[in-house]
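Asks: 3D model of this:
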Amino acid sequence: MLALQENEAREMGENEVTRTRVAQGVSVPFLALVAWAVGLTSGQALAAGAEFGPDVASSPALDRFTPEQKKQLLAGKAVYEHVVEDADADNPSGRAKAIVLIHAPVEECFRRFSEIEKHTLYFPRKTVSRVEGVREDGRVSVYKEFDFKLKTIRFHVLYTIDPEAHRIDFNLDESQPGDLKASKGYFQFFAVTPDTSLFDYGLINTSVGLKIPAFIRSYLTSKDLPRVVTNYRNWLESGGTWTK
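Replies: Numbering: from 1, shown residues only. All right, here's what the predicted structure looks like:
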């Protein structure tokens, strides 16, 4: 287990190690956001380190970000936020989100991400992403597996897909057996310019059982988010040739 954790720390870099301490409950100022910009290793991304142009920098779509967050996004890095102050018994891990800019139109970003069974190509540790059917209310049932070497995490979610909003909301399918107690969040794409999009991935509530090791819980509930958005950006911009 220790070797696995050390390997993960080396892969993610020092910023990821710092995030681990906060995610495990170190106190921070009330209602403050814990935010980091997560960089990429060389060769990971087609656009890694490439700055976005002035048309992107001046877009109103970036007005909601702080100057530092905007700087990181324009440098091709992911902005990560983990809010732990409102954690409680029902949502012990708080809320987390990761956002990145992508060199692609919003329609293309959403269309390719909606190919759910290809999520295994860029989601860290995800080995199964299988569509099992569509409910009468339109929600899509998806079975997932995540390989953490020492343990495989299995569960079902229900996706609500909204093509007009370029958004997918998800909730744990509690009617199916699985290793999670709660899983609620969203994936959303926003147009920045005709050829540039924002990818926003948020976890609103993720709760796991006590039998799952703490380091696995931290990745499931927050730490993997920056890698999801940057991996997807890498895969999309490479035309599907990038591999995790």
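
Asks: report the buried residues of stretch 229-244.
Replies: 229-237, 242 (16 or more other Cβ atoms under 10 Å). Where you see a C-beta, it was placed from the backbone N, CA and C, and this is true even at glycine.

Asks: among these, which are in helices?
Replies: Per DSSP state H, helices hold the following members of these: 229-237.

Asks: wait, which of the residues you listed is closest to residue 65?
Replies: Taking Cβ to Cβ as the measure, residue 65 lies nearest residue 229 of those, at 14.4 Å.

Asks: leaving out sequence neighbours, find the closest residue to that closest one.
Replies: residue 100 (4.3 Å; Cβ to Cβ, 6 or more residues apart in numbering).

Asks: and the one you found, what does it touch?
Replies: Counting by Cβ atoms under 8 Å, 6 or more residues apart in numbering, residue 100 makes contact with 73, 76-79, 198-199, 226, 229-230, 233.

Asks: show me the beta-bridge partners of it.
Replies: Under the criterion DSSP bridges, residue 100 forms beta bridges with residue 199.

Asks: measure residue 84 to residue 215 for me?
Replies: 17 Å (Cβ to Cβ, to the nearest Å).

Asks: ugh, wrong one, I meant residue 196
Replies: Residue 196 sits 35 Å away from residue 215, taking Cβ to Cβ as the criterion.

Asks: one more: residue 73?
Replies: 28 Å.

Asks: and if you look at residue 98?
Replies: 19 Å.

Asks: so the closest residue to residue 101 other than its chain neighbours, which state does it fall into?
Replies: In space, and not counting its chain neighbours, residue 101 is closest to residue 73: 5.1 Å by Cβ to Cβ, 6+ apart. Assigned with DSSP: H, G, I helix; E, B strand; the rest coil, residue 73 falls in the helix class.

Asks: okay, now residue 73: neighbour count?
Replies: Residues within reach of residue 73, counting by other Cβ atoms under 10 Å, total 22.

Asks: contacting residues for it?
Replies: 52, 62, 65, 79, 99-101, 198.

Asks: could these go into JSON lines alongside pLDDT and distance to residue 109?
Replies: Shown next, in JSON lines, are the contacts of residue 73 (pLDDT from 0 to 100; distance: Cβ to Cβ, whole Å):
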{"residue": "52", "pLDDT": "93", "distance to residue 109": "15"}
{"residue": "62", "pLDDT": "97", "distance to residue 109": "16"}
{"residue": "65", "pLDDT": "96", "distance to residue 109": "18"}
{"residue": "79", "pLDDT": "96", "distance to residue 109": "17"}
{"residue": "99", "pLDDT": "98", "distance to residue 109": "13"}
{"residue": "100", "pLDDT": "98", "distance to residue 109": "11"}
{"residue": "101", "pLDDT": "98", "distance to residue 109": "11"}
{"residue": "198", "pLDDT": "98", "distance to residue 109": "9"}
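
Asks: between the residues you listed, which is nearest residue 152?
Replies: residue 100 (27.6 Å).

Asks: which residues are in contact with residue 116?
Replies: Here residue 116 is in contact with 129, 131, 140, 142, 159 (Cβ under 8 Å, 6+ apart).

Asks: one more time with 6 Å, if that's ok
Replies: By Cβ atoms under 6 Å, 6 or more residues apart in numbering, the residues touching residue 116 are 129, 131, 142.

Asks: likewise for residue 95?
Replies: Per Cβ under 6 Å, 6+ apart, neighbours of residue 95: 83, 204.

Asks: ok, what's across the strand from it?
Replies: residue 83.

Asks: which parts of this structure are helices?
Replies: Going by DSSP H, the chain shows helices at 2-12, 14-23, 54-57, 67-74, 106-113, 214-218, 225-237.
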